[in-house]
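[1] compute the structure for the input listed below.
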Amino acid sequence: MPQERHLVVIDGRVLWRDSLARNIAADHPGNPIVTFESSAEWRLQREDGAPPSAILLNIADKKIDDPAVEQDITALASEVAPVPVIVLSDRDDLTQIVKALKYGAKGYIPSSVSVDVCIEAISLSLAGGIFVPASSVFAMRHLFETEGAVERPLAGLFTDRQAEVVEALRRGKANKVIAYELNLRESTVKVHVRNIMKKIKAANRTEVAYKIKDLFPDHPPLQEPGATNTKDNGSDNRE
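    Residues are numbered from 1 along each chain as shown. Okay, the predicted model is just below:
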């Protein structure tokens, strides 16, 4: 961290922000760290001509698409650019991460990581990189696949069979209908649905459809399964 510039920690919870500041200070002695309860408080006390090295904005358990959170991230990123704004959050699902980066954040650190990882993430952002949780990198592979994968954007996140079930869920089809169209047992469909919900941290079928639409708003639907598929007796080896 640059010696002549300070790191800003913004968190409405006193214990959390003081603890984080002390941990960072212990790892980087001599580097000034200032804490604030809100972005508004930081703006009132910021010093002209002394931009921070980075801003850590802890949104806790709030959702990124909460209008107030979205505005906060967007405004900070615009005001301090090219200084990185790094979001800390209790949530680690892919939709939250993608939206944070869309709003201008240069990193997304979930509270599930260790302090050491948090500090490394800050260092990466200061060096011009963008940090996201490792578990999310694999789910985002579809963004970097070749042309063939662009036609199947769900392939980077789901197995082929799961992708077919996801498409059916997006169309609002019931398990019995999905089982009939994909030549699966209904019990097998239920297993796929549970695994899909687990992968994208969805609480129910409706949330699956919402999250998939949010992640892949413009992708074309998969081709409807043909009538010549072989009957699946429940032993789907592509799970």
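[2] ok but Ile59 is inside a helix, no?
    No. Ile59 is assigned strand when assessed by DSSP: H, G, I helix; E, B strand; the rest coil, not a helix.
[3] what's around it, how many residues?
    Ile59: 22 surrounding residues under other C-beta atoms under 10 Å. All C-beta atoms are positioned from the backbone trio N, CA, C, and that covers glycine.
[4] if I look at it, how far off is Asp65?
    Going from Ile59 to Asp65 by C-beta to C-beta, to the nearest Å gives 11 Å.
[5] again, but for Gly104
    Gly104 sits at a distance of 14 Å from Asp65 (criterion: C-beta to C-beta).
[6] what segments of this structure are strands?
    In the chain, strands defined by DSSP state E lie at 7-10, 33-36, 54-60, 85-89, 107-110, listed in chain order.
[7] parallel or antiparallel, list what pairs with the third one.
    This means strand 54-60. strand 7-10 (parallel), strand 85-89 (parallel) (DSSP bridges).
[8] same question for the second one.
    Sheet neighbours of strand 33-36, with direction, are listed as strand 7-10 (parallel) (DSSP bridges).
[9] contacting residues around the strand it pairs with?
    Strand 7-10 is contacted by residues 1, 17, 20-21, 24, 31-39, 42, 52-58, 122 when judged by C-beta atoms under 8 Å, 6 or more residues apart in numbering.
[10] quick check: ChimeraX command selecting the buried ones in those.
    Here is the ChimeraX command that selects the buried residues among these (16 or more other C-beta atoms under 10 Å):
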select :1,17,20,21,24,31,32,33,35,36,39,42,52,53,54,55,56,57,58,122
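[11] before we move on, back to that, will you turn the strands of the chain into TSV that also has distance to Lys190 and mean pLDDT?
    Output for these, formatted as TSV (distance: least, C-beta to C-beta, whole Å; pLDDT from 0 to 100):
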stretch	distance to Lys190	mean pLDDT
strand 7-10	44	91
strand 33-36	48	90
strand 54-60	34	93
strand 85-89	31	93
strand 107-110	29	90
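[12] those strands into TSV, with extra columns for distance to Gln162?
    Below are those laid out as TSV (distance: least, C-beta to C-beta, whole Å):
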stretch	distance to Gln162
strand 7-10	39
strand 33-36	44
strand 54-60	30
strand 85-89	26
strand 107-110	24
